[in-house]
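A.B. asks: Just to be clear, the model below is a prediction. Sequence and coordinates:
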Amino acid sequence: MTRPHQPASAAVSDEALFGSEAADYGRYRPGLPDAAIHLLAATQHAVPGPVQLDLGTGTAQVPRALLPVLPRLVHVHLVDVNRHMPERALTALEPVRGPCSVSAFTGEAHTFTPSAPGRAPTLISSCRSFHWMARSEVLDMADRVAAPNAVVAIMGDGSLWTHASQWTAALRELIQTYLGQERRAGTRGTYAGPGRSYEDDLAGSAFSDVAGYRFPVARAWTPEDVVRYLRTTSCARPALFAGRHQEFEAEALGLLRGHAHGGVLQEDAEFTVLLARRPGGAV
């Protein structure tokens with residue numbers, strides 16, 4: 001069964017960020033490498049009733065990929081600051097969840113509390129979202145709610161803004177001509193980046209036993225899909241362009257077609273997974 005999401009107050013449900021774009025997430029956001037999903041599943045090998053807590057879940061990419069590989073999951077907690085995302089996530093999980101129950105919580109990740117007793121997370125995941133969170137507070141929350149041998153998985157692969165290639169550099173410069181040199185960050189001004197590494201965040205937390213894994217990822221984009229993907233980003237979502245979004249998209253499409261080879265834009269990325277446990281936790 002699925003459980004209705006717990007509503008957040010207007011102060012924490014960031015409606016201005018990724019409201020109407022929520023539907024585009026599932027269609028245009030890149031998925032996770034199979035090797036990363038199997039790595040997550042392996043952390044739960046000896047767990048009799050795995051429970052996942054997915055922070056910044058978006059459209060539930062992580063549990064949606066994990067459930068077919070780890071059908072023993074008994075419950076998934078979904079957490080997102082925007083109320084549109086858990087609604088989409090619940091719908092996306094319905095075809096694959098089987099007997100697994102699902103609950104959704106709308107609010108900032110560090111404010112999460114389990115919806116029912118007996119569902120202490122054994123796997124806490126955050127994919128491409130940890131940088132938006134109050135990270136030390138999130139890890140304190142994880143220590144409060146997690147099972148004794150729980151694993152925290154922090155994952156990501158950067159973005160097209162940070163990817164180093166001729167076509168992404170040209171695209172970034174075009175965005176900057178419209179929005180300024182600094183990288184925009186949704187409703188909160190500009191993005192400055194984390195003050196310290198995720199490894200340092202984890203080392204200073206209860207989950208200080210950290211192992212890192214890197215998986216090469218090759219993606220082939222069409223110019224049209226890049227433009228659609230940009231609509232889901234905090235640095236180039238439509239509302240930032242003050243009425244000039246159609247103009248920007250037309251210019252971006254022309255630029256990307258000029259860089260494409262055979263209609264394809266290549267991205268060679270690296271997907272990183274940090275697995276963290278409390279010292280002495282099971283491997």
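C.D. replies: Here it is on my side, so go on. Numbering: from 1, shown residues only.

A.B. asks: okay, CA-based contacts and neighbour counts for the rest of this
C.D. replies: Will do.

A.B. asks: residues in contact with residue 67?
C.D. replies: For residue 67, the set of contacting residues under the criterion of CA atoms under 8 Å, 6 or more residues apart in numbering consists of 73, 96-97.

A.B. asks: Kindly report the same for residue 255.
C.D. replies: Residue 255 makes contacts with 170-171, as judged by CA under 8 Å, 6+ apart.

A.B. asks: same check, this time on residue 89
C.D. replies: Contacts for residue 89 were tallied using CA under 8 Å, 6+ apart; they are 57-60, 78.

A.B. asks: any idea which of the contacts of residue 67 is closest to residue 280?
C.D. replies: Nearest to residue 280 among the contacts of residue 67: residue 73, at 23.6 Å, using CA to CA.

A.B. asks: And that closest one, how far from residue 171?
C.D. replies: Residue 73 sits 41 Å away from residue 171, taking CA to CA, to the nearest Å as the criterion.

A.B. asks: Among those two, which residue is more densely surrounded?
C.D. replies: The residue with more neighbours, out of residue 73 and residue 171, is residue 73; 25 against 20, by other CA atoms under 10 Å.

A.B. asks: Next, count neighbours for the nearest residue to that one once chain neighbours are set aside.
C.D. replies: Spatial nearest neighbour of residue 73, excluding adjacent residues (CA to CA, 6 or more residues apart in numbering): residue 50 at 4.9 Å. Residue 50 is surrounded by 24 other residues when neighbours are defined as other CA under 10 Å.

A.B. asks: which residues sit in contact with residue 50?
C.D. replies: When contacts are counted by CA under 8 Å, 6+ apart, residue 50 is found next to 44, 72-75, 121-123.

A.B. asks: okay if I get these as TSV plus pLDDT and distance to residue 280?
C.D. replies: As requested, those are arranged in TSV below (pLDDT from 0 to 100; distance: CA to CA, whole Å):
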residue	pLDDT	distance to residue 280
44	97	16
72	96	25
73	97	24
74	96	25
75	96	25
121	97	18
122	97	15
123	98	16
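
A.B. asks: Out of those residues, name the ones that lie in strands.
C.D. replies: Among the contacts of residue 50, the members falling in strands (DSSP state E) are 75, 123.

A.B. asks: Output the contacts of residue 50 as TSV; include the columns distance to residue 224.
C.D. replies: As requested, the contacts of residue 50 are exported to TSV (distance: CA to CA, whole Å):
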residue	distance to residue 224
44	39
72	38
73	37
74	39
75	37
121	39
122	39
123	36
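
A.B. asks: Give me the buried entries from the contacts of residue 50.
C.D. replies: Neighbour counting by 16 or more other CA atoms under 10 Å classes 44, 72-75, 121-123 among those as buried.

A.B. asks: in stretch 245-255, what's buried?
C.D. replies: Buried positions in stretch 245-255, judged by neighbour count with 16+ other CA under 10 Å: 245, 248-249, 252-253, 255.

A.B. asks: for stretch 258-269, same thing?
C.D. replies: Across stretch 258-269, burial judged by 16+ other CA under 10 Å covers 259, 265-267, 269.

A.B. asks: do the same with stretch 270-283
C.D. replies: Of the residues in stretch 270-283, those buried under the neighbour-count criterion (16+ other CA under 10 Å) are 270-278.

A.B. asks: Out of the residues you listed, which two sit at the greatest distance?
C.D. replies: With distance counted by CA to CA, no two of the buried residues of stretch 270-283 lie farther apart than 270 and 278, which are 26.3 Å apart.
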